[in-house]
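Engineer: could you look at this predicted model? Sequence included:
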Amino acid sequence: MKSVKESVVTMTELVLPNHTNQLGNLLGGQLMHWIDICAALSASKHSNRVCVTASVDRIDFHHPIKIGDVVTVIASVNRVFNTSMEVGVKVFADNHVLGTHKHTNSAFLTFVSVDNDGKPVKSSEIAPETQEEKRRYEDALNRRDFRLSRRRNPVA
């Protein structure tokens with residue numbers, strides 16, 4: 001069993017012109033790419049295995065991220081199930097010139113640990129310690145139940 005803090009991965013990126021749209025805002029696809037990489041590293045750090053993306057529940061966009069902003073992506077494992085695990089991600093944008101710091105995005109992704117043949121394998125359990133980690137641990141089960149119910153009863 002491992003603690004949540006052992007799964008934390010932090011990535012920092014500078015938003016450059018090739019990352020933006022015509023309005024100078026970070027492209028959503030670019031941010032999703034960074035989120036997926038950070039979350040995969042967190043899952044892999046926890047399981048000590050290669051982890052593949054099984055699903056992305058949602059990515060909430062709270063504020064635009066502008067060219068020149070410094071983006072920090074922080075991921076950690078919320079809960080481990082059998083071969084899958086939910087990873088929560090928070091994104092922050094800092095503008096060092098203006099001195100601003102904003103929570104811009106949140107995301108939940110599911111990863112599966114795989115062996116050398118690409119077959120799913122069981123991962124170590126996670127032990128939430130803080131109140132926030134315990135809340136995220138419980139919320140992850142609710143989101144999983146919802147995901148599984150959607151799989152059984154897909155909406156057209």
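Structural biologist: Received, thanks. Numbering: from 1, shown residues only.
Engineer: could you list the low-confidence segments of this structure?
Structural biologist: 154-156 (pLDDT under 70).
Engineer: just the strands from it, written as ranges.
Structural biologist: Here the chain has its strands, by DSSP state E, at 2-3, 9-14, 50-61, 70-80, 84-95, 100-114, 126-127.
Engineer: contacting residues around the residue positioned nearest the centre of the chain?
Structural biologist: Against the mean C-alpha coordinate of the chain, by Cα atoms, centre = their mean, the closest residue is residue 89 at 3.4 Å. Residues near residue 89 by Cβ atoms under 8 Å, 6 or more residues apart in numbering: 35, 38, 39, 73, 74, 75, 105, 106, 107, 108, 109. Placement of C-beta: from N, CA and C, glycine included.
Engineer: and of the residues you listed, the nearest to residue 57?
Structural biologist: Nearest to residue 57 among the contacts of residue 89 is residue 108, at 4.1 Å by Cβ to Cβ.
Engineer: any idea what the closest one is bridged to?
Structural biologist: Counting by DSSP bridges, residue 108 forms beta bridges with residue 58, residue 88.
Engineer: right, and it touches residue 90 too?
Structural biologist: No: under the criterion of Cβ atoms under 8 Å, residue 108 makes no contact with residue 90, lying 10.7 Å away.
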